[in-house]
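*Asks:* with the sequence up front, the predicted model follows.
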Amino acid sequence: MDEQQEMKVKNPWHRPHIFLATTGIAVAIIIMVSIAVVQNKPLHQKYKYGIVLDAGSSHTSVYIYEWPAEKENNTGMVRQKHACSVKGKGISSYSKTPEKAGESLKECMDEAKKTIPKHRHHETPVYLGATAGMRLLKMENDVDSINVLASVEKSLQTYPFSYQGARIITGQEEGAFGWITVNYLSENFRKATGTEGALDLGGASTQITFVSGQKMESPDDSIDFRLYGNDYRLYTHSFLCYGKDQVLKLYLEQQIQPKPNMTDNIILEDPCFHPGYNVAKNFQSVFDSPCVKKFTNSQKEHNFRHRGIGNWTKCNEAIKKVFNTSHCRYSRCSFNDVFQPPVQGKFGAFSAYFFVMNFLKVTNYHSLVEAKKILDAYCTTPWDTLKQKHPDVKEKYLAEYCFSGTYIISLLEDGYKFTADDWKNTKFIKTIKDSEAGWTLGYMLNLTNMIPAEAPDTPLLPHGGYVSLMTVLSLLIIVCIILGCIFFRRPSGPAHKEII
Ligand SMILES: Nc1ncnc2c1ncn2[C@@H]1O[C@H](COP(=O)(O)OP(=O)(O)O)[C@@H](O)[C@H]1O
Ligand SMILES: [Ca+2]
């Protein structure tokens, strides 16, 4: 064998199958590395979690959110994994026994520990936001509100999560974060169709939030956001005492004229309650709120008889009086001298808007006139008939749906100046894609910086495509290696013979 021939035999690159296999492996590796760099993500999706406690005036809910670890800046990626309803009333009801406020959270927080994988506990942020019930308590007794917050803080700090604070959020935050939640879940931030407004009705306050191109005449009611590369100027206002439980107190207060020498014989004939409804109530329990100021302490010692007469027209007329429209210092007002530009676009109405309208079976497929007819029929239904028809519904809710439904329509029409067309553009919603509408998700997205000001770069491939391509290329490499081994070991051709 001459020298030239020996070199040819020993150099495996001269064999076409080895050359092909090696080139295949090299090309696959180059493609995989390039895609991995551009895609910038590992092959396995990992989930992260966040917890937000909504400490409302009537009760507390614990929400657990989850999102794919590598996609936190994409719109619509965070979703609700779990919700737990805390037993008992809202945290402000523990003003005289603050330690119970913290204790009340135990069951739901233990559930959170089980729901979130253990290795994620320490990096899971926990936020508690309290709304109008605590705003009212703070107005009434600052020390009591501090003690209640300290108690929930102490309780939350005993958990292995990353505690981020417990505070009373402002009405503007409540409105703006509700708007962010609705539009984030509907993926409106990146759509050309624009955003929709948010209407939140609680027990103690209510919020209206929408994008407006009009001049903002009161700076307190305006917030600017830059989200995913777009600028939004929001109008938002929160009306304290206009949640459905507190406004009922305002309404009842207007129905009863206080007398210097009040007795227990006062009878309130109420058009917003059903015929046959007849309950003895205590002034103290009904009017114990900073929203109501008419009665003196000695007057509050008495009882009164609350008797329903079921007359929707009269009920509607009486409810209108809770909105003061006699004075407006701006070019336009909603009510109580509050600036409001004309409403525009679609609206999502959630929380008690949904609970009430869902029970009454009023939807936006009904015109405003039809909605009023449904309410008229409901309000005139005798109390006994209703109780028999709905044995499972809490009596307090059942008795108040006539008032609350009439209030909702009046708030939209007389308060916010909704036209029949605006009503058609309003949807009563509980959830969007299985996540509850409310301020909590928007609050967490904001505090964790999960909504970027600028639109993030879109990855080269969707995750599914990325995983499939990586799998195919990995298989290709394996096949090439196997082929290479087979051919490298197999004796083939005269050159091989000569080596032996
Ligand atoms: N199934 C239901 N039917 C009617 N009302 C309900 C139902 N579930 C909750 N609510 C009411 O929804 C309201 C929720 O308000 P909440 O969030 O606690 O107060 P806020 O937001 O003012 O602090 C309360 O008035 C509560 O009674
Ligand atoms: Ca609420």
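*Replies:* Okay, I see it. Ligands and ions are numbered 1, 2, ... in the order given.
*Asks:* per-residue pLDDT of residue 261, please?
*Replies:* At residue 261, the model reports a pLDDT of 77.
*Asks:* that one sits in which helix or strand?
*Replies:* For residue 261, there is no helix or strand it lies in under DSSP states H and E.
*Asks:* tally up the residues packed near residue 396, please.
*Replies:* 8 (other C-beta atoms under 10 Å). Glycine gets a C-beta too; all of them are placed from N, C-alpha and C.
*Asks:* which helices and strands sit right next to the helix or strand hosting it?
*Replies:* Per DSSP H and E: residue 396 is located in helix 395-410. Contacts defined by 3 or more C-beta pairs under 8 Å, 6 or more residues apart in numbering; DSSP states H and E place helix 395-410 against helix 244-255, helix 312-320, helix 352-359, helix 368-380, helix 383-389.
*Asks:* and those helices as TSV, adding mean neighbour count, mean pLDDT and distance to residue 197?
*Replies:* Below are the helices and strands packed on helix 395-410 laid out as TSV (neighbours: other C-beta atoms under 10 Å; pLDDT from 0 to 100; distance: least, C-beta to C-beta, whole Å):
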stretch	mean neighbour count	mean pLDDT	distance to residue 197
helix 244-255	20	97	19
helix 312-320	19	98	22
helix 352-359	21	98	12
helix 368-380	17	98	17
helix 383-389	14	98	33
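*Asks:* figure out which of these is closest to residue 92.
*Replies:* Among the helices and strands packed on helix 395-410, the nearest to residue 92 by C-beta to C-beta is helix 244-255 (11.8 Å).
*Asks:* hmm, who's touching that closest one?
*Replies:* 57-58, 132, 136, 201-206, 240-242, 268, 270, 272, 286-287, 289, 291-292, 294-295, 318-319, 321-322, 352, 356, 400, 403-404, 407-408 (C-beta atoms under 8 Å, 6 or more residues apart in numbering).
*Asks:* try stretch 141-156
*Replies:* Against stretch 141-156 from outside (C-beta under 8 Å, 6+ apart): 53, 55, 91-92, 94-96, 98-103, 105-106, 109, 126, 128, 130, 134, 137-138, 163, 165-168.
*Asks:* so which of those belong to strands?
*Replies:* The members of those that map onto strands under DSSP state E are 53, 55, 126, 128, 130, 163, 165, 166, 167, 168.
*Asks:* among these, name the buried ones.
*Replies:* The neighbour-count criterion (16 or more other C-beta atoms under 10 Å) marks 53, 55, 126, 128, 130, 163, 166, 168 among the ones in strands among the contacts of stretch 141-156 as buried.
*Asks:* sorry, back to before: keep only the contacts of stretch 141-156 that also lie close to ligand 2.
*Replies:* By C-beta under 5 Å from the ion, no member of those lies near ligand 2.
*Asks:* out of the helices and strands packed on helix 395-410, flag the one nearest ligand 1.
*Replies:* Ranking those by proximity to ligand 1 (C-beta to the nearest ligand atom) places helix 352-359 first, at 3.6 Å.
*Asks:* and the closest one with helix 395-410, angle?
*Replies:* 110 degrees (axes from the mean of the first three to the mean of the last three C-alpha atoms, to 10 degrees).
*Asks:* pull the distance from helix 352-359 to the chain's centre.
*Replies:* For helix 352-359, the separation from the chain centroid amounts to 16 Å (computed by C-alpha atoms, centre = their mean, to the nearest Å).
*Asks:* right, is that helix up against ligand 1?
*Replies:* Yes: contact between helix 352-359 and ligand 1, assessed by C-beta under 6 Å from any ligand atom, occurs at 352, 355, 356.
*Asks:* ok, the first one - contacts?
*Replies:* When contacts are counted by C-beta under 8 Å, 6+ apart, residue 352 is found next to 201, 202, 203, 243, 244, 404.
*Asks:* does the second one touch residue 131 like I think?
*Replies:* Yes: with the criterion set as C-beta atoms under 8 Å, residue 202 and residue 131 qualify as a contacting pair; they are 6.2 Å apart.
*Asks:* any idea how far residue 471 is from residue 20?
*Replies:* Separation of residue 471 from residue 20 (C-beta to C-beta, to the nearest Å): 22 Å.
*Asks:* mind checking which of the two has more residues around it?
*Replies:* residue 20 (14 against 11).
*Asks:* make sure the more buried one is indeed in a helix.
*Replies:* Yes: counting by DSSP: H, G, I helix; E, B strand; the rest coil, residue 20 is found in a helix.
*Asks:* local confidence estimate at residue 65?
*Replies:* 98.
*Asks:* what about it, which SS state?
*Replies:* strand.
*Asks:* what sits against it?
*Replies:* So residue 65 contacts 49, 50, 51, 52, 78, 79, 80, 81, 435, 441, 444 (C-beta under 8 Å, 6+ apart).
*Asks:* burial check on the third one, number of neighbours?
*Replies:* Residue 51 is flanked by 29 other residues according to other C-beta under 10 Å.
*Asks:* same thing with the last one?
*Replies:* By other C-beta under 10 Å, the residues close to residue 444 number 23.
*Asks:* in which helix or strand does it reside?
*Replies:* helix 439-447.
*Asks:* please apply the same query to the third one.
*Replies:* Following DSSP H and E, the helix or strand that holds residue 51 is strand 47-55.
*Asks:* who are the packing partners of that strand?
*Replies:* strand 60-68, strand 125-130, helix 142-157, helix 439-447.
*Asks:* got a markdown table for those, with distance to residue 481 too?
*Replies:* Shown next, in a markdown table, are the helices and strands packed on strand 47-55 (distance: least, C-beta to C-beta, whole Å):
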| stretch | distance to residue 481 |
| --- | --- |
| strand 60-68 | 32 |
| strand 125-130 | 45 |
| helix 142-157 | 54 |
| helix 439-447 | 46 |
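*Asks:* can you get me a residue count around the closest residue to residue 282 other than its chain neighbours?
*Replies:* Nearest residue to residue 282 in three dimensions, chain neighbours excluded: residue 303, at 5.3 Å (C-beta to C-beta, 6 or more residues apart in numbering). When counting by other C-beta under 10 Å, one arrives at 17 neighbours for residue 303.
*Asks:* distance-wise, check residue 303 relative to ligand 2.
*Replies:* 31 Å (C-beta to the ion, to the nearest Å).
*Asks:* surely that residue and residue 264 touch.
*Replies:* Yes: counting by C-beta under 8 Å, residue 264 is a contact partner of residue 303 at 4.8 Å.
*Asks:* ok, the residue nearest the centre of the chain - contacts?
*Replies:* The chain has residue 438 as the residue nearest its centroid, 2.7 Å off, counting by C-alpha atoms, centre = their mean. By C-beta under 8 Å, 6+ apart, the contact set of residue 438 is 54, 178, 181, 200, 350, 351.
*Asks:* what residues does the helix or strand containing residue 209 touch?
*Replies:* Assessed by DSSP H and E, residue 209 sits inside strand 205-211. Strand 205-211 is contacted by residues 57, 131-132, 135, 171, 174-176, 178-179, 194-200, 232-244, 246, 334, 340, 343-345, 347, 411, 416 when judged by C-beta under 8 Å, 6+ apart.
*Asks:* pull the CA atoms of the next helix or strand along the chain from it into CSV?
*Replies:* Beyond strand 205-211 on the C-terminal side, the first helix or strand identified by DSSP H and E is strand 222-227. Taking C-alpha atoms only, strand 222-227 is exported to CSV below (Å, rounded to 0.1, in the frame of the first residue of the first chain):
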residue,chain,number,x,y,z
SER,A,222,-57.5,61.1,35.9
ILE,A,223,-54.7,58.5,35.5
ASP,A,224,-52.3,58.1,32.6
PHE,A,225,-50.9,54.7,31.7
ARG,A,226,-48.4,53.6,29.0
LEU,A,227,-49.0,49.9,28.4
